[in-house]
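Enquirer: kindly generate the corresponding structure for this input.
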Amino acid sequence: MNETTQSGLLHAEKTLAEDEHYPSLRPQYLKEFVGQAALKENLAVFILAAKERTEALDHLFLIGPPGLGKTTLAQVVAHELGVDFKVTSAPALEKPKDLAGILTTVSEKTVFFIDEIHRLKPALEEMLYIAMEDYELDWIIGQGPSARTIRIPIPRFTLIGATTKAGTVSTPLITRFGITCRFAFYEQEDMQAIIHRSAGILQAVLEPEAAALLASSARGTPRVANRLLRRMRDFAQIQGQNRITRAVVSEGLDRLEIDSLGLEKYDREILRIIIERYAGGPVGAETLAISLGETVDTLEDYYEPYLIQIGMIQRTPRGRVATARAYQHLGKARHDG
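Expert: Prediction:
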């Protein structure tokens, strides 16, 4: 991914530690978690039931685009249950001993969070199957003809797996999760509430109209909204203003090349490539990614979900197609047939 671009500032694909020098904007409990109402209501029931039975919560599978709060919700679940929280990502788990090292040190009812679980290696997946169902680890002792397998018991824990690509997670792994939560892009009202909450934590004075403009430009994604809020605070400060006004936000968005729909430079470039180079499509993902100078994963995980959500492009069996709304947004004439 090209991290040197201005739009790179707003990518939802970031690590847990990237904003450590900022006050934590993550909610700690479900009542503080804004949006995803139906998901929260059901999860609150499951958590309360597990606590009343003094059992570990069933394994939880979180699905959705980057930046919508999957990691945050995993932390919230641990706080609500009052248990330990261990976190890793699938790419960080290279060998079975890496996973075994974590699972043999968890305490009873620990919440173990694996991000990007779709990238888990097959050998590690097979180890997880037994750990999730039987709370045991299969371990091989010795080599060659004298090798033997032993079962090591582990405490009952809650695995939370998060993915942006549910379709690439193997069926045997998915079926071992008892609870599935699908995240949707946030509504305007929820985005404004998130921005106001974050502004309060950052001790930034934010005018209502400025919050509304920020909310409409944040791609329905809290992580992007919080990053934009901090940039607007910078612009206001350097301009000598003691509050973030609509004028500050409008100028700041222009400088970051973000338009009224939250489309960044690369979003608009994707639409232009489809319309101008490929006559509106269809065009394949790999061809489009090469034309853009990005990876297919970045295209499919970050850019496309929002463009599809707001009706700018469509995925078809033959490739990506620009919609009439995309032509209208870029001021391009559409030549059908």
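
Enquirer: hmm, who's touching stretch 315-325?
Expert: Stretch 315-325 is contacted by residues 271, 274-275, 280-285, 287-288, 304, 308, 310-314, 334 when judged by C-beta atoms under 8 Å, 6 or more residues apart in numbering. The C-beta positions use only the backbone N, C-alpha and C, and glycine is treated the same way.

Enquirer: okay, and which of these map to helices?
Expert: In helices, defined here by DSSP state H, the members of these are L271, A285, T287, L288, E304, I308.

Enquirer: count of residues packed around the second one?
Expert: The local packing count at A285 equals 15, with neighbours defined by other C-beta atoms under 10 Å.

Enquirer: ditto for the first one
Expert: Other residues lying near L271 total 24 when counted by other C-beta under 10 Å.

Enquirer: now the third one
Expert: By the measure other C-beta under 10 Å, the count of residues near T287 is 16.

Enquirer: report the contact partners of it.
Expert: Applying C-beta under 8 Å, 6+ apart to T287 gives the contacts Y278, G319.

Enquirer: the fourth one too?
Expert: For L288, the set of contacting residues under the criterion of C-beta under 8 Å, 6+ apart consists of I270, I273, I274, L299, G319, R320.

Enquirer: could I get those as JSON lines with neighbour count?
Expert: Converted to JSON lines, the contacts of L288 look like this (neighbours: other C-beta atoms under 10 Å):
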{"residue": "I270", "neighbour count": "27"}
{"residue": "I273", "neighbour count": "18"}
{"residue": "I274", "neighbour count": "25"}
{"residue": "L299", "neighbour count": "20"}
{"residue": "G319", "neighbour count": "18"}
{"residue": "R320", "neighbour count": "25"}
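
Enquirer: let's have those in CSV, adding pLDDT and distance to A78.
Expert: Shown next, in CSV, are the contacts of L288 (pLDDT from 0 to 100; distance: C-beta to C-beta, whole Å):
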residue, pLDDT, distance to A78
I270, 89, 37
I273, 90, 43
I274, 90, 43
L299, 84, 33
G319, 87, 42
R320, 90, 39
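
Enquirer: which of the residues you listed lies closest to G69?
Expert: L299 (22.5 Å; C-beta to C-beta).

Enquirer: now the element after the helix or strand hosting R230, going C-ward?
Expert: Assigned by DSSP states H and E, R230 belongs to helix 222-238. As assigned by DSSP H and E, the chain's next helix or strand after helix 222-238 is helix 246-255.

Enquirer: contact partners of that next one?
Expert: By C-beta under 8 Å, 6+ apart, the residues outside helix 246-255 that reach it are 207, 209-210, 213-214, 217, 228, 231-232, 235-236, 239, 241, 259.

Enquirer: again, but for stretch 119-131
Expert: 89-91, 93-96, 98-100, 103, 114, 136-138, 151, 154, 159, 170, 172-173, 176.

Enquirer: mean confidence score for it?
Expert: In this model, stretch 119-131 has a mean pLDDT of 90.

Enquirer: buried residues, stretch 75-92. List them.
Expert: Under the neighbour-count criterion of 16 or more other C-beta atoms under 10 Å, stretch 75-92 has 75-81, 83, 85-87, 89-90 buried.

Enquirer: again, but for stretch 311-319
Expert: Using 16+ other C-beta under 10 Å as the test for burial, stretch 311-319 gives M312, I313, G319.

Enquirer: for stretch 25-43, same thing?
Expert: Neighbour counts over stretch 25-43 (16+ other C-beta under 10 Å) mark L25, R26, P27, L30, F33, V34, G35, Q36, L39, K40, L43 as buried.

Enquirer: quick one: contacts of the helix or strand hosting the last one?
Expert: Yep, that's L43 we're talking about. Following DSSP H and E, one finds L43 within helix 37-52. In this structure, residues lying in contact with helix 37-52 by C-beta under 8 Å, 6+ apart are 30, 33, 56-58, 73, 77, 80-81, 179, 181-183.

Enquirer: which other helices and strands contact the very next helix or strand once past it?
Expert: Tracing the chain C-terminally past helix 37-52 and defining elements by DSSP H and E, one meets strand 60-63 next. Using 3 or more C-beta pairs under 8 Å, 6 or more residues apart in numbering; DSSP states H and E as the contact test, the elements touching strand 60-63 are helix 70-81, strand 158-163, strand 179-182.

Enquirer: now do the second one against helix 70-81, angle only.
Expert: Strand 158-163 runs at 160 degrees relative to helix 70-81, counting by axes from the mean of the first three to the mean of the last three C-alpha atoms, to 10 degrees.
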